[in-house]
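Trainee: Could you work out the structure for the sequence below:
(one chain, ligands or ions: 1)
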Amino acid sequence: MRIKDLFRLNPGRFVALLAARALTALLTTWAAFALTWEFSAIKGRHLQQFLLFTGLQLLLLLLGSLLDQAADYFWELHLEKYFHQIRQEVLAHAYAEPAGTKENLQSELTNDLEMLKEQYADSIGSIVHSAVLLGLVGCSLAAFRWSLLLLVLVVSVLQMYLPRVLDGPLQRATDRISASNRRYLQTLADWLSGLDTLRRYAVGEEFLKIVHVDARELEAAYVKEQKADQELDYLNQAIYSLGNMLIFLLTAYLVARGQLEFGLIASVNDFSLYLFGSLMNIANYRGQLVASRGLREKILALRAPLVRQEQPGEAPAAFATKDLRLTFANGYEIKYPDIKIKPGEKVLLTGANGSGKSTLFKLLMGEVVASSGQINFFDQDGKKITPDRSKIGYLPQQAILLPASVMNNITMFDPALASAAKASAADVQLTEAASGWPQGLETPVDLAGDNLSGGQKQKVVLARAEVHSSQLLLIDEGTSAIDQAASQAILHELLKSKRTVVLIAHNLPAKERALFDRELALTA
Ligand SMILES: Nc1ncnc2c1ncn2[C@@H]1O[C@H](COP(=O)(O)OP(=O)(O)OP(=O)(O)O)[C@@H](O)[C@H]1O
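Mentor: Okay, the predicted model is just below:
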């Protein structure tokens with residue numbers, strides 16, 4: 001987020017909005033002036049003048065608040081249009097990034113933008129308002145008496161900086177709350193996840209005892225923070241009262257000596273309040289602008305346009321690995337035997353839990369990069385090729401469906417594949433289930449409501465792979481949730497095609513194992 005982007009979005013509106021903020025500052029200053037005229041009119045016993053100035057003051061105040069409301073509305077409109085643009089750019093970036101992590105994207109698109117709005121965007125208008133108000137009030141006071149401006153400035157600076165001596169203890173008290181809160185929530189989350197087990201073994205007392213300790217710590221942290229908060233409030237109030245009294249005394253003295261208009265006694269309080277308020281706001285909002293820098297840079301990087309790399313290369317039909325090793329960040333290492341899968345071969349990949357079967361597929365898909373060794377891909381004729389990995393049919397352990405119709409989940413939104421999708425649905429034994437759904441294959445997949453069973457989801461993903469006719473299919477436990485009869489029929493269908501199929505499965509019955517050309521067992 002940058003000011004120049006906010007300007008470019010609609011220069012006229014942006015300038016008009018900032019001008020409106022400046023104008024409200026001018027109206028506020030005039031309204032404070034009106035008070036001087038009102039009091040001077042009363043002193044001179046000019047009732048008509050008094051009423052006129054009071055009416056004028058009311059009008060200025062009403063106009064100011066009306067302008068403020070309108071500016072708030074159009075500022076929101078301006079920002080929402082800008083955020084819409086950012087969201088689209090962040091999503092386009094995420095889509096084009098080949099292996100970027102997407103876990104935080106939702107938060108970046110919602111919470112982070114909301115934080116940016118509060119910390120950065122809203123601060124811009126407020127800074128303009130406060131700066132103009134500061135300038136106007138400063139000039140007005142200087143025009144009355146330099147000594148008055150000087151005193152108001154000194155008092156304002158004292159009001160701003162003296163309470164900072166308590167900043168440290170207050171910050172520490174707040175940090176303590178946040179740490180205790182985190183601990184308490186973590187303890188609750190850890191224990192509540194096992195609530196059923198606790199009930200089963202009737203150990204409620206232990207649970208309450210442990211949670212009680214963290215809750216007491218949180219309670220103490222809140223009380224301590226309240227004490228620091230009160231001390232700060234008291235100091236603030238004392239400095240504020242003392243400062244105002246000094247300003248009032250100086251004004252009264254100058255009025256008594258005939259150097260200031262009588263009515264100023266009434267407005268000077270407003271002026272000093274505005275000056276102090278503006279100085280305070282500028283410091284606060286500036287702090288927010290600075291604090292949001294990291295967030296702004298992060299969002300900027302996420303928006304940077306990326307061109308989706310169309311993978312050069314051809315559809316692989318076979319592969320071979322050599323000296324393949326992978327070391328994870330935690331030091332755990334998987335060392336693979338050299339594997340050679342020929343075009344059209346049907347291979348059952350087995351091995352104990354953790355032997356690296358799923359990871360082998362991720363290496364083949366480029367989702368994980370090997371620490372050493374090679375993977376070579378070949379076409380149907382056994383010729384070495386540069387692979388286009390998007391042409392590999394990969395079915396991970398968890399069937400990934402989108403919140404669209406079952407049909408679209410199979411065709412992946414290509415209407416030309418609709419009739420092939422129906423045939424594939426039959427091959428994966430989905431037709432019978434689909435006939436019971438309200439709209440057949442056009443029934444929407446309800447991700448939250450889970451309207452498809454685990455096995456049905458796997459069938460949809462299998463049909464998707466079949467329709468998109470990849471020459472190489474990597475299936476990671478793709479039939480684990482499907483009943484035995486259907487799974488047998490699907491495997492038959494799958495294995496009679498010309499494609500190369502590598503399927504990870506545990507405990508496959510001997511009859512189904514026999515359908516494969518060979519079994520490749522990995523050892524941990
Ligand atoms: N990101 C990671 N960081 C550290 N270790 C990992 C990571 N991913 C996988 N592993 C480890 O690598 C090993 C192989 O995991 P993988 O999921 O490939 O096994 P698998 O053979 O598919 O097992 P299963 O049959 O249980 O699905 C496991 O010991 C696992 O703990």
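Trainee: From residue 405, how far off is the most centrally placed residue in the chain?
Mentor: Closest to where the C-alpha atoms of the chain average out (CA atoms, centre = their mean) is residue 107, at 1.8 Å. The spacing between residue 107 and residue 405, counted by CB to CB, to the nearest Å, is 29 Å. Every C-beta, even on glycine, is put in place using the N, C-alpha and C of the backbone.
Trainee: quick one, what contacts the residue nearest to the centre of the chain?
Mentor: The neighbourhood of residue 107, defined by CB atoms under 8 Å, 6 or more residues apart in numbering, contains no residues.
Trainee: just residue 131 next, same as before
Mentor: Residue 131 sits in contact with 278, 282, where contact means CB under 8 Å, 6+ apart.
Trainee: in what helix or strand does it lie?
Mentor: helix 122-144 (DSSP states H and E).
Trainee: Please name every helix or strand in contact with the following helix or strand past that helix.
Mentor: Counting by DSSP H and E, the element after helix 122-144 in chain order, helix or strand, is helix 146-161. Contacts defined by 3 or more CB pairs under 8 Å, 6 or more residues apart in numbering; DSSP states H and E place helix 146-161 against helix 122-144, helix 204-256, helix 264-291.
Trainee: Relative to residue 451, which of those is closest?
Mentor: helix 204-256 (36.2 Å; CB to CB).
Trainee: what is the orientation angle of the helix holding residue 131 with helix 146-161?
Mentor: On the basis of axes from the mean of the first three to the mean of the last three CA atoms, to 10 degrees, helix 122-144 is oriented at 150 degrees to helix 146-161.
Trainee: and helix 122-144, what's its mean pLDDT?
Mentor: For helix 122-144, mean pLDDT is 89.
Trainee: now that helix, how far from the centre of its chain.
Mentor: On the basis of CA atoms, centre = their mean, to the nearest Å, helix 122-144 sits 35 Å off its chain's mean C-alpha point.
Trainee: got the CA positions of it in CSV?
Mentor: Provided in CSV are the C-alpha atoms of helix 122-144 (Å, rounded to 0.1, in the frame of the first residue of the first chain):
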residue,chain,number,x,y,z
ASP,A,122,-7.0,5.9,8.0
SER,A,123,-3.9,7.6,9.5
ILE,A,124,-3.3,9.5,6.2
GLY,A,125,-6.6,11.5,6.5
SER,A,126,-6.2,12.0,10.2
ILE,A,127,-2.6,13.4,9.8
VAL,A,128,-3.8,15.9,7.2
HIS,A,129,-6.6,17.0,9.5
SER,A,130,-4.4,17.3,12.5
ALA,A,131,-1.6,19.1,10.7
VAL,A,132,-3.9,21.7,9.2
LEU,A,133,-5.6,22.2,12.6
LEU,A,134,-2.2,22.5,14.3
GLY,A,135,-1.1,25.1,11.8
LEU,A,136,-4.4,27.1,12.1
VAL,A,137,-4.5,27.0,15.9
GLY,A,138,-0.8,27.9,16.1
CYS,A,139,-1.2,30.9,13.8
SER,A,140,-4.3,32.1,15.6
LEU,A,141,-2.6,31.9,19.0
ALA,A,142,0.5,33.6,17.7
ALA,A,143,-1.7,36.3,16.2
PHE,A,144,-3.2,36.9,19.7
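Trainee: Include distance to residue 504 when you put the helices and strands packed on helix 146-161 into TSV, please.
Mentor: Listed next are the helices and strands packed on helix 146-161 as TSV, based on distance: least, CB to CB, whole Å:
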stretch	distance to residue 504
helix 122-144	53
helix 204-256	40
helix 264-291	49
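Trainee: So for the ligand, which of those helices sits nearest?
Mentor: helix 204-256 (29.8 Å; CB to the nearest ligand atom).
Trainee: so what secondary structure elements neighbour the longest strand along the chain?
Mentor: Secondary structure of the chain per DSSP state E: the longest strand is strand 318-327. For strand 318-327, the elements it packs on are strand 333-335, strand 340-341, helix 357-365, strand 372-378, judged by 3+ CB pairs under 8 Å, 6+ apart.
Trainee: Is it positioned near the ligand?
Mentor: No - Strand 318-327 is not in contact with the ligand by CB under 6 Å from any ligand atom; minimum separation 8.0 Å.
Trainee: quick one: that strand to helix 357-365, angle?
Mentor: Using the same axes, to 10 degrees: strand 318-327 against helix 357-365 is 110 degrees.
Trainee: tilt between strand 318-327 and strand 372-378?
Mentor: Interaxial angle of strand 318-327 relative to strand 372-378 (the same axes, to 10 degrees): 160 degrees.
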